[in-house]
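Quick one: sequence plus predicted model below, questions after.
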Amino acid sequence: MRRSVSIFVLALLLVSCGTRTKKPEAASPAAPATFRVPMPPANLTGQGQRDYLKAHYWDAFDFADTLFLERIDTAQMYEAFARYVVLLSDRPTDGAPIDSLMRRASSSRRMMDYFAMLADGVLHDPNSPLRNDEFYIPVLRALLAAPWYDEYERIAPEYDLHMALQNRVGQPANDFRYTLASGASGTLYGLDAEYVLLFVNNPGCTMCREIREEIAASPMLSEMIERGRLLVLALYPDEDLAAWRDYADRIPPKWINAYDRGCVIREEGTYDFHAIPALYLFDRDKRVLVKDSTSVPQIEEVIDRRG
């Protein structure tokens, strides 16, 4: 999920020859309308341009014009929305700009639905590299505050908001119990290390294998594991224990390889595991440092910044 073109209205002219007239040619289908992002002033550079775009990105968009939505190039709007999210990514836990955007989109149900659709695809879709619960929370709150939705239409955003509010960055993580192949069990808060990396994975998942190999190949993380500064908890959240046991020899021996017995975590909704693989990084006190990521470099960067 990641071009601005002006809108032109084309008119066909009828050409006459003597007293005979030509039948008008069929009009070409109108080109889809597009949204134009403003250009920063030429005297701004770097962070100044970024700040200008953050403040003025949607200035040219008429939130009262629902007819525009019938003509808009939605693929281009997804891209424009994604580019806006990228602009905000230097402050990934600050949902205020998205909250402001959704207030403007609340001019009508049609506009609210449209921007909620864009946000769902960019901020909530499991396959989106820009997935971000902190940015999605204001979208869900705007939907639930709007007067147009009945009790049945509110069920999905209420559930999504409940899940998004779990394990927020900077907050204490929800505790959970895990079970080892031996039958012994432990808890997240019972793990004693400077950092705990929760790796939610499934046997047979290609991306899980890639992330597992990336963690194992990281000199920084490998050294931390060796010194006991980092514990990796590889957690299987589903029911097929035969598949999990067959996969066990692929998990590095210094990692904790465990499963969620009875799928309690999923049933209780304490973690959102609808997107797998997922990486969570916790500090010694089990405060969330990284939530629901698939980026090993992000894990390294967060640890490196903390020194």
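Noted; the coordinates are in hand. Residues are numbered from 1 along each chain as shown.

Any idea how many residues pack against residue 267?
9 (other C-beta atoms under 10 Å). C-beta here means a position set from N, CA and C on the backbone, and glycine is covered the same way.

secondary structure element for it?
Assigned by DSSP states H and E, residue 267 belongs to helix 264-268.

now residue 301
Short version, using DSSP H and E: residue 301 is in helix 296-306.

Output the longest helix belonging to this structure.
As assigned by DSSP state H, the longest helix anywhere in the chain is helix 74-88.

dump the residue contacts of the spatially closest residue to residue 287 that is not a sequence neighbour.
In this structure, residue 287 finds its nearest non-sequential neighbour in residue 172, 5.7 Å apart by C-beta to C-beta, 6 or more residues apart in numbering. By C-beta atoms under 8 Å, 6 or more residues apart in numbering, the contact set of residue 172 is 285-288.

how distant is the helix holding residue 267 from the center of its chain?
Offset of helix 264-268 from its chain centre (C-alpha atoms, centre = their mean, to the nearest Å): 22 Å.

pLDDT averaged over it, what's the number?
The pLDDT scores in helix 264-268 average 93.

now the helix or strand that that helix is followed by against helix 296-306, angle please.
Per DSSP H and E, the first helix or strand lying C-terminal to helix 264-268 is strand 278-283. Relative orientation of strand 278-283 versus helix 296-306 (axes from the mean of the first three to the mean of the last three C-alpha atoms, to 10 degrees): 10 degrees.

what residues does the helix or strand just after strand 278-283 touch?
With elements assigned by DSSP H and E, the helix or strand that comes after strand 278-283 is strand 288-293. Contacts to strand 288-293, defined as C-beta under 8 Å, 6+ apart, come from residues 131, 133, 167-173, 195, 272, 275, 278-283, 298-299, 302, 306.

List the strands paired with strand 288-293, with their directions.
Strand 288-293 has the following sheet partners, assigned by DSSP bridges: strand 278-283 (antiparallel).

per-residue confidence averaged over the helix holding residue 301?
The average pLDDT within helix 296-306 is 95.

Next up, phi/psi of the residue nearest to residue 259 when sequence neighbours are not counted, please.
Spatial nearest neighbour of residue 259, excluding adjacent residues (C-beta to C-beta, 6+ apart): residue 236 at 4.1 Å. Residue 236 has phi and psi values of phi -100, psi 120 when expressed as degrees, to the nearest 10.

For residue 236, report the pLDDT, please.
For residue 236, pLDDT reads 96.

my read: it touches residue 245, true?
No: the pair residue 236 and residue 245 fails to qualify as a contact (C-beta atoms under 8 Å) at a distance of 9.7 Å.

quick one, which of those two is more surrounded?
Higher neighbour count among residue 236 and residue 245: residue 236, with 25 against 14, using other C-beta under 10 Å.
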